[in-house]
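Trainee: Predicted model and sequence below, questions to follow.
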Amino acid sequence: MAHRMFISHHEDSAGYAGWLRTELIRHFGPNQVLMNTDIEPGVDLVEAVQKAVSSCDVLIALIGRHWLTITDTDERQQPGSSMNLVRLEITTALERDIPVIPVLLQGAVMPRGRDLPKTLKKLARHNAHELSDASWDHDVGRLVKVLEKMSRPVGPKARPKPARRTIQAGSAERLRELATLTGHSKAVKSLAFSPNGSLLASGSDDKTIKLWETPGGRELATLTGHSKAVNSVAFSPDGSLLASASGAMFRLFGGHAIKLWEMPSGRERSTLKRHRSTVNSVAFSPDGSLLASASNDRTVKLWAMPGGWEVATLTGHKSAVESVAFSPDGSLLASASYDGTTKLWEMPDGRERATLKNSCHYRCHVDSVAFSPDGSLLASAAGFDGYITDPEGNSYREFEGAIDMWEMPGARHFKFAEFGGPVSFVTFSLDGTLLGTGVTLWDVAGRRELVTLADSRDIVRYETCMAFSSNGTLLASSTEYGTIKLWGVG
């Protein structure tokens, strides 16, 4: 039987609990990680908590800086209060000899036994694990290794990703390689051409934005100022501004911001900091009056341009929002989320029009969304890479990916393509005949793969992107190694 874990947290560490749960689900599967938020309304809360904790093989107790001051012996607290639930969860685990891992947040220290209520005193003897904002990814990785040793899944071996066919770019008559751009030290996560096609902007995990002259590929400038990875870049329709979004995966605090840069000088104009977590995507409306942003805080924000003040916050997604895109006429905004859905919002008022689900068999996350240039199609990229549990309780790793499309404006759905692994990017060519998915080009009308613009090592991971120039004559593609290729189209 595969092991399960319970995350115990007070409401002041709910954000950390959510991000930690997301990471643990990636590694152990959705049915292996429980929290008290999973308990259905109307049930006996005490019995439900005790049953949930008892069904697990390890309890992870999140301890923030104020955890000890909140954990008092005041029995006047309501039975369903956040802190009483924490005490109940930990006490249940200790009484049943379920392993407890204290996890310290925000520089918290392990409480001493004399400072704890009687039922929690044994907790002080447990060795703690620290999760630091500054080294979140590394610390989570260490915790995962500890849990893997405690909970080796029993069942079929992890299934390898099926090998993908690689077609050399020379076999595509419409493409010719023009230049290879080097300078970024880490993966390039976003590419955007200026409206007149003379500039290419690239955002990277190395925390920088680079501006390149096209079609020659000469590096013109490096824009610095972000303290975390640059996840998205977008030019305003008139080319006078460049917006960039930043933040690190699974890091709750610090470094998440949107910056506006004046073009072509590259001078930083302003920083927008209203999001509470990583900003994954930015997009300008066709008339340039709005900037939309998508964040791990589960919201989409609308900003008035060029001033940069917040005008609306769109809520409804149940997990991180990964991508946003305006329809060509500006009447709709599409948002793609880790919760597996794409939402359509009416512009400019932000009213939710529809929720679209992907075609994956598993709980796929949707990472990218794009409208065709004529607005007749909406495409999304979705994927799943994690553990699933069979009816007998065995866990094994599964991979899946899909490109879904909807005919607009009625949103009639059809599956465009499916894959043996996640797909994280989609974009259309200027004439709408080609669809780019990372480093692969597809014939939209024929629903067939045309060419992969890389050698096989460049598609080991799916953190790649593409951009077509506004005149349709140039294509830029990235790799996880920090290089960019420029292609002539036609």
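Mentor: Arrived safely.
Trainee: how far away is the residue nearest to Thr278 when sequence neighbours are not counted from Arg351?
Mentor: In space, and not counting its chain neighbours, Thr278 is closest to Gly247: 2.7 Å by C-beta to C-beta, 6 or more residues apart in numbering. For glycine as for every other residue, the C-beta is placed from the backbone atoms N, C-alpha and C. Per C-beta to C-beta, to the nearest Å, Gly247 is found 27 Å from Arg351.
Trainee: between the two, which one's more packed in?
Mentor: A count of neighbours by other C-beta atoms under 10 Å puts Gly247 above the other of Gly247 and Arg351, at 28 against 10.
Trainee: Check the more buried one and give its pLDDT.
Mentor: On pLDDT, Gly247 comes in at 84.
Trainee: Then Gly488?
Mentor: Turning to Gly488, the model gives it a pLDDT of 88.
Trainee: List the neighbouring strands of the helix or strand encompassing it plus their orientation.
Mentor: Of the helices and strands defined by DSSP states H and E, Gly488 is found in strand 484-489. Partners of strand 484-489 in the sheet, by DSSP bridges, are strand 175-181 (antiparallel), strand 474-478 (antiparallel).
Trainee: a markdown table please, covering these and showing distance to Ala381, mean neighbour count and mean pLDDT.
Mentor: Below are the strands paired with strand 484-489 laid out as a markdown table (distance: least, C-beta to C-beta, whole Å; neighbours: other C-beta atoms under 10 Å; pLDDT from 0 to 100):
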| stretch | distance to Ala381 | mean neighbour count | mean pLDDT |
| --- | --- | --- | --- |
| strand 175-181 | 21 | 16 | 88 |
| strand 474-478 | 15 | 26 | 91 |
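Trainee: With distance to Thr427 as extra columns, can I get those strands in TSV?
Mentor: Compiled in TSV, those are given as follows (distance: least, C-beta to C-beta, whole Å):
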stretch	distance to Thr427
strand 175-181	15
strand 474-478	10
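Trainee: Out of the ones you listed, which is closest to Arg114?
Mentor: Taking C-beta to C-beta, strand 474-478 is the member of the strands paired with strand 484-489 nearest to Arg114, at 56.1 Å.
Trainee: nearest spatial neighbour of Leu178, skipping sequence neighbours?
Mentor: Per C-beta to C-beta, 6+ apart, closest to Leu178 is Leu486, 4.4 Å.
Trainee: burial of that neighbour, as a residue count?
Mentor: 21.
Trainee: do Lys357 as well
Mentor: By other C-beta under 10 Å, neighbour count at Lys357 equals 15.
Trainee: Report pLDDT for the residue lying closest to Trp442 once chain neighbours are set aside.
Mentor: In space, and not counting its chain neighbours, Trp442 is closest to Leu435: 4.4 Å by C-beta to C-beta, 6+ apart. The model reports Leu435 with a pLDDT of 93.
Trainee: swap in Ser171?
Mentor: pLDDT, Ser171: 37.
Trainee: now the one 3 residues further on
Mentor: Reading off the confidence values, Arg174 has pLDDT 66.
Trainee: what bridges to the residue nearest to Leu178?
Mentor: Beta-bridge pairing of Leu486 under DSSP bridges involves Ala179, Ala476.
Trainee: wouldn't it be in contact with Thr214 here?
Mentor: Yes. With contact defined as C-beta atoms under 8 Å, Leu486 counts as touching Thr214 (6.6 Å).
Trainee: any residues in contact with both of these two?
Mentor: Common neighbours of Leu486 and Thr214 (criterion: C-beta atoms under 8 Å, 6 or more residues apart in numbering): Leu200, Leu474.
Trainee: can you map out the helices along the stretch 101-250 of the chain?
Mentor: 136-150 (DSSP state H, counting those that start in this stretch).
Trainee: So which residues of it form strands?
Mentor: 129-131, 175-181, 188-193, 199-204, 209-213, 219-223, 230-235, 241-246 (DSSP state E, counting those that start in this stretch).
Trainee: residues contacting the residue nearest to Leu178?
Mentor: With C-beta under 8 Å, 6+ apart, Leu486 has these contacts: Glu177, Leu178, Ala179, Thr180, Leu181, Leu200, Thr214, Pro215, Gly217, Leu474, Leu475, Ala476.
Trainee: measure it to Asn231 for me?
Mentor: Counting by C-beta to C-beta, the gap from Leu486 to Asn231 is 22 Å.
Trainee: Break this structure into its domains for me.
Mentor: Listed by automatic domain parsing, the domain ranges of the chain are 5-150, 169-489.
Trainee: Many thanks, we can stop here.
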